[in-house]
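Student: turn this into a model:
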Amino acid sequence: MNKFPLQIKVNLQQWIYLGVVIIGTVSIFVSNTFAFHRSDSASYADRWWSKDDSDDGRKYNPNYHDYTNEGGDCANYVSQCLRDNDAGGLNLSAGPGVDDWGCIPLCENLHTHLINNQYVEYSFISNNGSPPDNLTTGDVIIFGGYNPNDSYEHAVIVVGGSGNSCIVDSHTTDHQNIRWNYGFPNYWTEARFYHIPDARVTSTTPDNESTGAGIDTNIVINFSKPMDITSVENAFSIYPDIQGEFSWSNNNRTLTFTP
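Tutor: The predicted structure follows:
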């Protein structure tokens, strides 16, 4: 399974002059531990979508709270698909409205988080229209407008297809692999789409595969979106080991390692 190969190598040549190492050899690895795992998000959704009438209970993940009788479980379920370690692996802790299980159980709060913290590509339609072509597995749709005063009524997770062919899973009511517009526009009149962009490395200094840089050269890695600082730094390693300090800039899009 391809989980966004965010690995970089910056090769710095090692030269020896009169027995003294004057230039070091450094390999930089930025692992994919902070990537959004789309296919795992969909697999999680399909694993925990349904009722289990055989034991008179719900086949929901018991590690999370069930909000079915507390206003609905749809946003909570989508949150699980985004954040669980066996699912998307995103960090939702910035909220707003995070519960004790690390989820965001209200649709409006989930909307706010996705816009402000996941830097999604956002679009909106009313009464007619279709999703953007890049909407795909792991992305989110929030419906509203059945109640004219509520634009954020029901959240679903995309588990397959793209654009107008997307299929989704949901809680309250439970659905699996159903076409995205099963309730739009005849029930909900508004649909909001959230495409979660893939994090990628856009450039490095020194350049990838560059040679001749000094062992004390600052290493700069630029990312395509704001990153989770802790997970990136934990995933960062240098061989041979060189001590140094991390600093971040550009709204957590640029990491600088200073030896």
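Student: contacts for the host helix or strand of Ala155, please.
Tutor: When elements are defined using DSSP states H and E, Ala155 is found to belong to strand 154-160. Strand 154-160 has contacts (CB atoms under 8 Å, 6 or more residues apart in numbering) with 41-42, 45-46, 72, 74-75, 77-78, 81-82, 107, 110, 135-144, 166-170, 172, 175-177, 180, 183, 188. Quick note: C-beta positions are derived from backbone N, CA and C, even for glycine.
Student: quick one: mean pLDDT for that strand?
Tutor: Strand 154-160 shows an average pLDDT of 98 in the prediction.
Student: cool, stretch 193-213 as well?
Tutor: Confidence for stretch 193-213, expressed as mean pLDDT, is 78.
Student: tell me which residues of that stretch come out buried.
Tutor: Buried residues in stretch 193-213, counted by 16 or more other CB atoms under 10 Å: Phe193, Tyr194, His195, Ile196, Ala199, Val201, Thr204, Thr205, Pro206, Ala213.
Student: burial check on Ser165, number of neighbours?
Tutor: Each residue near Ser165 was counted by other CB atoms under 10 Å, and the total is 14.
Student: check the one 10 residues further on too.
Tutor: Taking other CB under 10 Å as the criterion, the count of residues near His175 is 17.
Student: could you give the backbone dihedrals for the spatially closest residue to it that is not a sequence neighbour?
Tutor: Distances taken as CB to CB, 6 or more residues apart in numbering put Asp169 closest to His175, at 6.3 Å, once the chain neighbours are dropped. Main-chain torsions, Asp169, degrees, to the nearest 10: phi -120, psi 160.
Student: next one: Asn109
Tutor: Per degrees, to the nearest 10, the backbone of Asn109 is at phi -70, psi -40.
Student: list the contacts for it?
Tutor: Ala75, Gly95, Pro96, Gly97.
Student: mind doing that once more with 10 Å?
Tutor: Listed by CB atoms under 10 Å, 6 or more residues apart in numbering, the contact partners of Asn109 are Ala75, Ser79, Leu92, Gly95, Pro96, Gly97, Val98, Tyr152.
Student: filter those residues to the buried ones?
Tutor: Restricting the contacts of Asn109 to buried positions leaves Ala75, Ser79, Leu92, Gly97, Val98, Tyr152, with burial counted as 16+ other CB under 10 Å.
Student: the residue nearest to the third one when sequence neighbours are not counted - how many residues pack around it?
Tutor: Once flanking residues are discounted, Leu92 sits nearest to Arg83: 4.8 Å by CB to CB, 6+ apart. Other residues near Arg83 come to 22 when the count uses other CB under 10 Å.
Student: burial of the spatially closest residue to Ser249 that is not a sequence neighbour, as a residue count?
Tutor: Closest residue in space to Ser249, ignoring its immediate chain neighbours: Thr256 at 7.1 Å, by CB to CB, 6+ apart. Residues lying near Thr256 (other CB under 10 Å) number 16.
Student: so how far is Tyr119 from Thr256?
Tutor: Applying CB to CB, to the nearest Å, one obtains 21 Å for the distance of Thr256 from Tyr119.
Student: go on, Val220?
Tutor: 21 Å.
Student: give the closest residue to Asn76 in space, chain neighbours not counted.
Tutor: For Asn76, ignoring the flanking residues on the chain, the nearest one in space by CB to CB, 6+ apart is Pro105 at 4.2 Å.
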